[in-house]
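Student: The following block contains a protein sequence and its predicted model.
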Amino acid sequence: MKLRHATNEDSPELIALIDTVYREYGEVMHTAGADSDLLDIKGRYSGKGGDFVVLQDGENTIVGCHATLPIDAGTGLLTFRRLYLEKSLRGSGHGKRLMDWAVEWAREKEYRQVEFWSDTRFSAAHRFFETYGFERTGE
């Protein structure tokens, strides 16, 4: 598996991956609204001081992703976004690899606090996040 920086050309494949995950929970993509960031990876992430990576399998198919996005660089506040992994790969260590990348990125950039929003239905993911020290706030 190869980890690399995402480009705007990855948008269709990222949208397909994330849409597949959404559909597991009865949701759909809204690229005209809440998911519009996926149409401009460069502008919405690296252009705002963040980063976005994709995980590719041996066939160069995107099977996972994760992103970082500063909220307030002055106070050291950052958010992690778009942590998604193909269902067959969950629990295989690839999610840890994506999360480790984001944590290391935040440390290198000297961020001191991370907010990470997740759908309440992602209970397995919440247990995973807690291993990194994230605490549920209920917000």
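Tutor: Here it is on my side, so go on.

Student: Give me the residues contacting whatever helix or strand Leu55 lives in.
Tutor: Element membership for Leu55, per DSSP states H and E: strand 51-56. With contact meaning Cβ atoms under 8 Å, 6 or more residues apart in numbering, strand 51-56 is reached by 1-6, 10, 13-14, 41, 45-46, 62-68, 82, 85, 94, 97-98, 101, 105. To be clear about C-beta, it is placed using only N, CA and C from the backbone, and glycine gets the same treatment.

Student: and the helix or strand just after it, what other elements does it pack with?
Tutor: The helix or strand immediately downstream of strand 51-56 is strand 62-72, counting by DSSP H and E. If you count contacts as 3 or more Cβ pairs under 8 Å, 6 or more residues apart in numbering; DSSP states H and E, strand 62-72 packs onto helix 11-24, strand 51-56, strand 77-85, helix 94-108.

Student: The last one: how far from the chain's middle?
Tutor: How far helix 94-108 lies from its chain's middle: 10 Å, per Cα atoms, centre = their mean, to the nearest Å.

Student: part of a helix, is His126?
Tutor: Yes: assignment of His126 by DSSP: H, G, I helix; E, B strand; the rest coil places it within a helix.

Student: Number of residues surrounding His30?
Tutor: His30 has 10 neighbouring residues, counting by other Cβ atoms under 10 Å.

Student: The worst-scoring helix or strand of the chain on mean pLDDT vs strand 77-85, what angle?
Tutor: One helix or strand of the chain scores below all others by mean pLDDT, DSSP states H and E: helix 123-130, with a mean of 74. If you take axes from the mean of the first three to the mean of the last three Cα atoms, to 10 degrees, helix 123-130 sits at 140 degrees to strand 77-85.

Student: Helix 123-130 packs against which elements?
Tutor: Using 3+ Cβ pairs under 8 Å, 6+ apart, the elements in contact with helix 123-130 are helix 94-108.
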